[in-house]
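Trainee: no sequence on this one, just coordinates:
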């Protein structure tokens, strides 16, 4: 099974191992950059991609399903956050904490960056049923300093690996 992340006419089709590395390096970056409610919502979306909790081959999201904001300024700021988190992840930020070297993740992050750059967030309202509220990612795992689904789940993605 594969996990699909898509936006516009682009698609990132990842194996389970590729998905794990992609989500984990993005989660480390998003955890350190998040400062506003939308950032925590995006981090919550990443938390929901943890295959150790959600199931292998059962994750992914479409950029169209994200609530990017109600006006142009909010949409631009939201998109900028995703691009900054992607760039920070691509820089190798905190990769030493993973316990493995994510070999192909640079290519995946680059494909995702291009997808986000070319994606135009919708201006019309939609249900955004797959974009969680910020309360899902408001807790931080004290051991790993990463946003998590606490108290809903037992720990962060690094805790779930142990």
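Mentor: That came through fine. Treat the numbers as computed from the prediction; the structure is a model and nothing was measured. Numbers count the residues shown, from 1 in each chain.

Trainee: C-alpha only now, for contacts and for neighbours.
Mentor: Will do.

Trainee: so which residues of the chain form helices?
Mentor: All helices of the chain, identified by DSSP state H, fall at 16-33, 37-47, 51-54, 72-90, 105-118, 157-161.

Trainee: make CSV from those and add mean neighbour count to it.
Mentor: Shown next, in CSV, are those (neighbours: other CA atoms under 10 Å):
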stretch, mean neighbour count
helix 16-33, 22
helix 37-47, 23
helix 51-54, 14
helix 72-90, 18
helix 105-118, 18
helix 157-161, 16
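
Trainee: of those, which approaches residue 65 most closely?
Mentor: Nearest to residue 65 among those is helix 37-47; the distance by CA to CA comes to 10.6 Å.

Trainee: for that closest one, packing partners?
Mentor: Packing partners of helix 37-47 (3 or more CA pairs under 8 Å, 6 or more residues apart in numbering; DSSP states H and E): helix 16-33, helix 72-90, strand 146-148.

Trainee: please produce CSV containing the ones you listed, extended by distance to residue 40 and mean pLDDT.
Mentor: Formatted as CSV, the helices and strands packed on helix 37-47 follow (distance: least, CA to CA, whole Å; pLDDT from 0 to 100):
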stretch, distance to residue 40, mean pLDDT
helix 16-33, 8, 91
helix 72-90, 11, 96
strand 146-148, 8, 62
